[in-house]
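Asker: pasted the sequence and its predicted model underneath.
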Amino acid sequence: MTTRKIIASALVSALAGGAQLAQATDVFRLEGYGAISRAMGGTAVAHDVGAAGMMTNPATLSLMAEGDQAMIGLDLVTTDITVRNTRTGESVSSETHANNRGPYMAPEAAYTKRIGAWSFGVGAFAQGGLGTEYGRGSFLSAGQNGANTGLENSSRLLVLNIPFAASFKINDKLTVGGSLDAMWQGLNLDLLLTTGQVGTLLGAGRVFPAAPGSIAGILGGLAGAGTLQGAHFSLTKDQFLGSGVDAWGYGGKLGMLYKVTPDTTLGASYTFKSQMSDMEGQATLTAVDTGGNIALGGKITIKDFQMPSHLDVGISQRLGAQWLLTADVSRVFWKDVMKDIKVNFVHDGGLGDINILLPQDYKDQTILSLGAAYELNDQLTLRGGFRFATQALRSSTLFAVIPATPRKHLSAGLTYAFSKQAKLDFAYSHAFKETMDNPGVAGGSSNAGDPISVTHAQNNATLNFRYSF
């Protein structure tokens, strides 16, 4: 197979399979890219993690061996998410109630070439996402009066990154690199807001325009009459491929490496905030009323939904011929991109539009990653790592369909070399259970009707095959 065919096949595989990605660790971001990084706690700033290095620090491409390399891999993500109504004691777990959710797979592929001081790479990686499926029979589907509406609560966010990267080794100590990334993101969402939640949003001026005859005015009128039980948004394509709304955009990274000694390397990289177009598609807004549901079809837009910028610094230290120790510290600037989820809905039948600002108010996040690798022999390398992140979400703005709360990971993995050209990398990581409570409408929250407690744990496995030629 020619190099060109290898690249085309790998990219198509990654693009097609990427539609099953879900549940990231660091909010919507995976906790490491490629099996080498994932096994070592997600560290990737100052050591060779193969082609996946272009997702964190493109300068690390210069640490790869001379020549060409193709990589193809697969992430498998299994989640354990439970939401409990702390007022009634009812609970529901996120399970496979539809065709496009859990367990989640995220293929990845890349090709790199190193010629002298220059290294180049192109790839397709699942950057992150989330996914839940609570079905239509739980308390999350109940209206204000407690009666079941039969409407679903679910989510699936996919973020795909296609980097075009290059690095240049200036001298024996200093290397610089960068990438320009094409990006795609898609969202499926089914969300029921109770009357209390709608009222809280209206009272805070987060639903507009509220003039008589407008959609917001109709919701407000029904609420005032005491017949409104909730409002439900549905923007979901129940397919293996496809999202209710999606958009393309771009991003980029800059990175550097500095070799302090032959055994000590420092690294730093900066990933720019994404520049994504608004996500657009068709949706149904249903006003749940005691006199019968009122379904309104129209065009929906999720405005200015971006991935954050982040700064990463790291160090790698060799201890003899067999041991490698790594550490990264990252600062992720979520506050700049996740203040509100901005929703605009335009009715097809001429009732105008409605704008809703769903509060998120994320905090910036600091992440510490630690890793170790031990070369047992020429064929087998063993790896392990730990990752700890501060919490970016706030309990008062937690949605059951966006439980991106895990903060602590323990990981392990290995590389087995079939030959000098062919290597298989494997990683397993466990996200320890994290629990977060939302006080509900009575506590001033608009993102939960009744008070809820959300617990979330997960297990990830990553498998990569690399071939050098």
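Answerer: Arrived safely. Worth saying up front: this structure is predicted, and the values here are computed from it rather than measured. Numbers count the residues shown, from 1 in each chain.
Asker: how about the helices in this protein?
Answerer: 3-17, 35-39, 195-203, 215-225 (DSSP state H).
Asker: by mean pLDDT, show me the worst of these.
Answerer: Of all the helices of the chain, mean pLDDT reaches its minimum on helix 3-17 (a mean of 41).
Asker: where does the protein have its least confident helix or strand?
Answerer: Least confident helix or strand of the chain, by mean pLDDT, DSSP states H and E, is helix 3-17 with a mean of 41.
Asker: where in the stretch 51-200 of the chain is pLDDT low?
Answerer: Filtered on pLDDT under 70, the stretch 51-200 of the chain yields the residue ranges 96-103.
Asker: what's across from the closest residue to Ala268 other than its chain neighbours in the sheet?
Answerer: Distances taken as Cβ to Cβ, 6 or more residues apart in numbering place Val313 nearest to Ala268, at 4.8 Å, with adjacent residues excluded. Every residue, glycine included, has its C-beta placed from N, CA and C. For Val313, the beta-bridge partners are Ala268, Val329 (DSSP bridges).
Asker: mind starting the numbering at 31 from now?
Answerer: That works, and once the first residue is 31, the last one we named lands at Val343.
Asker: isn't Val343 right up against Thr356?
Answerer: No. Using Cβ atoms under 8 Å, Val343 is not in contact with Thr356, being 11.9 Å away.
Asker: neighbour-wise, which of those two wins?
Answerer: A count of neighbours by other Cβ atoms under 10 Å puts Thr356 above the other of Val343 and Thr356, at 27 against 17.
Asker: dump the residue contacts of that one.
Answerer: By Cβ atoms under 8 Å, 6 or more residues apart in numbering, Thr356 lies in contact with 70-71, 73, 76-77, 344-347, 399-403, 415.
Asker: recalculate using a threshold of 7 Å.
Answerer: Met70, Thr73, Ala76, His77, Gly344, Ser346, Gly401 (Cβ atoms under 7 Å, 6 or more residues apart in numbering).
Asker: and it, how far is that from Leu249?
Answerer: 53 Å (Cβ to Cβ, to the nearest Å).
Asker: with Gln347 instead?
Answerer: On the measure of Cβ to Cβ, Gln347 and Leu249 end up 60 Å apart.
Asker: looking at these two, which has the bigger crowd around it?
Answerer: Shown here are Gln347 and Leu249; by other Cβ under 10 Å, Leu249 has more neighbours (26 against 16).
Asker: right, and the more buried one touches Ala261 too?
Answerer: Yes. Between Leu249 and Ala261 there is a contact at 6.0 Å, judged by Cβ atoms under 7 Å.
Asker: overlap in contacts, the two.
Answerer: In contact with both Leu249 and Ala261: Val228, Ala317, using Cβ under 7 Å, 6+ apart.
Asker: run a quick neighbour tally on the closest residue to Leu398 other than its chain neighbours.
Answerer: Leaving aside its chain neighbours, Leu398 sits nearest to Phe418 (5.1 Å; criterion: Cβ to Cβ, 6+ apart). When neighbours are counted by other Cβ under 10 Å, Phe418 registers 14.
Asker: got a list of what Phe418 touches?
Answerer: Contacts of Phe418 by Cβ under 7 Å, 6+ apart are Leu398, Arg437, Lys438.
Asker: buried only: go through those for me.
Answerer: Leu398, Arg437 (16 or more other Cβ atoms under 10 Å).
Asker: so for stretch 384-400, mean pLDDT?
Answerer: Mean predicted lDDT for stretch 384-400 stands at 96.
Asker: buried stuff in it?
Answerer: Neighbour counts over stretch 384-400 (16+ other Cβ under 10 Å) mark 384-390, 392, 395, 397-400 as buried.
Asker: tell me the one of those residues nearest His377?
Answerer: Among those, Ile384 lies closest to His377 (Cβ to Cβ), at 8.1 Å.
Asker: for burial, what's the neighbour tally of the residue found closest to that closest one once you drop the neighbours it is linked to in the chain?
Answerer: Spatially, and ignoring its direct neighbours in sequence, Ile384 is nearest to Ile245 (4.0 Å; Cβ to Cβ, 6+ apart). Look at Ile245: counted by other Cβ under 10 Å, it has 23 neighbours.
Asker: tell me the contacts of Ile245?
Answerer: Neighbours of Ile245 in contact, by Cβ under 7 Å, 6+ apart: Leu326, His377, Leu381, Gly382, Asp383, Ile384.
Asker: just the closest of the residues you listed to Gly282, please.
Answerer: Distances from Gly282 to the contacts of Ile245, taken by Cβ to Cβ, are shortest for Asp383, at 33.7 Å.
Asker: can you tell me how far the closest one is from Ser168?
Answerer: Asp383 is 31 Å from Ser168, by Cβ to Cβ.
Asker: next one: Ile345
Answerer: 47 Å.
Asker: how about Leu398?
Answerer: 36 Å.
Asker: try Ser184
Answerer: 11 Å.
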